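**Q** predicted coordinates and the sequence they were generated for:
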Amino acid sequence: MKPEMTEQEQRLRDKLLPEIEAFKQQRETLQLATLGTDGQPNASYAPFALADDGFYILVSDLARHGHNLKHSSKVSVMLVEDETAAKSVFARKRLTFDAIAEAVPRDTPAFIKGVSVLSARFGEISDNLAALTDFNLYKLAPHQGLYVKGFGQAFSLSGAELLDVDWKRDGHHGTPKTPENQQVA
């Protein structure tokens, strides 16, 4: 059983979750890392639409990441702030998460839903691509994530729908070395 949330944790959550939601809505594409059958990672991107049950993408079997998604459902996803809008290219806002990619079968309510949210966002091209037999619809269901606002502002996300927020005060690689905890090489 999880202990009750402190007032400070609740304020942080109340401030960050709408900011994260707005950040997701401002992005039109996501960066996608997939794994090939040979173990070789592949970085790509895809336009996406967000629904209440995850992120939807249309991917061609002809694309390397389309082939990879058929063999491994594990993906890493990143939504990242545009370089021209960032205060620093070293600390661009970004949302990364691990997800499971689920192929959505054609002629199902889930397929209609996914294509519908993509069409609402991108127009007729989504319907046209979905009609092509080499294009498949995938739902990406996140299970853990990280939202970075800038230097020293990283927040881990977990729980159902990534709604549990924890400020990563120890940096990217654990506790910073101090004279008390440094090891002599």
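**A** The structure has been received and is ready for your questions. It should be emphasised that the depicted structure is a prediction, and the values quoted were computed from it without experimental measurement.

**Q** buried sites along the longest strand along the chain?
**A** Criterion DSSP state E: the longest strand present in the chain is strand 135-150. Buried residues in strand 135-150, defined by neighbour count with 16 or more other CB atoms under 10 Å: 135-142, 145-149. To be clear about C-beta, it is placed using only N, CA and C from the backbone, and glycine gets the same treatment.

**Q** with stretch 119-129 instead?
**A** Buried positions in stretch 119-129, judged by neighbour count with 16+ other CB under 10 Å: 119, 122, 126, 129.

**Q** how about Arg106, nearest residue that isn't a chain neighbour?
**A** Nearest residue to Arg106, sequence neighbours excluded (CB to CB, 6 or more residues apart in numbering): Leu137, at 7.9 Å.

**Q** tell me who's in contact with Gln25.
**A** Counting by CB atoms under 8 Å, 6 or more residues apart in numbering, Gln25 touches Leu50.

**Q** per-residue pLDDT, it?
**A** Predicted confidence (pLDDT) at Gln25: the value is 92.

**Q** now the helix or strand hosting it against strand 135-150, angle please.
**A** For Gln25, the enclosing helix or strand under DSSP states H and E is helix 7-26. Interaxial angle, helix 7-26 versus strand 135-150 (axes from the mean of the first three to the mean of the last three CA atoms, to 10 degrees): 130 degrees.

**Q** which secondary structure elements does the helix or strand following helix 7-26 contact?
**A** Once the chain leaves helix 7-26, the next helix or strand it forms, by DSSP H and E, is strand 29-35. Judged by 3 or more CB pairs under 8 Å, 6 or more residues apart in numbering; DSSP states H and E, the packing partners of strand 29-35 are strand 41-47, strand 54-60, helix 64-71, strand 74-80.

**Q** most tightly packed of those?
**A** Among the helices and strands packed on strand 29-35, strand 54-60 has the highest mean neighbour count (mean count of other CB atoms under 10 Å), at a mean of 23.

**Q** which other helices and strands contact it?
**A** Strand 54-60 packs on strand 29-35, strand 41-47, strand 49-51, helix 64-71, strand 94-104, helix 109-122, helix 124-131, strand 135-150, going by 3+ CB pairs under 8 Å, 6+ apart.

**Q** any chance of those in a markdown table, plus distance to Arg13 and mean pLDDT?
**A** Converted to a markdown table, those look like this (distance: least, CB to CB, whole Å; pLDDT from 0 to 100):
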| stretch | distance to Arg13 | mean pLDDT |
| --- | --- | --- |
| strand 29-35 | 23 | 97 |
| strand 41-47 | 29 | 97 |
| strand 49-51 | 19 | 94 |
| helix 64-71 | 32 | 95 |
| strand 94-104 | 15 | 95 |
| helix 109-122 | 26 | 97 |
| helix 124-131 | 33 | 97 |
| strand 135-150 | 12 | 93 |
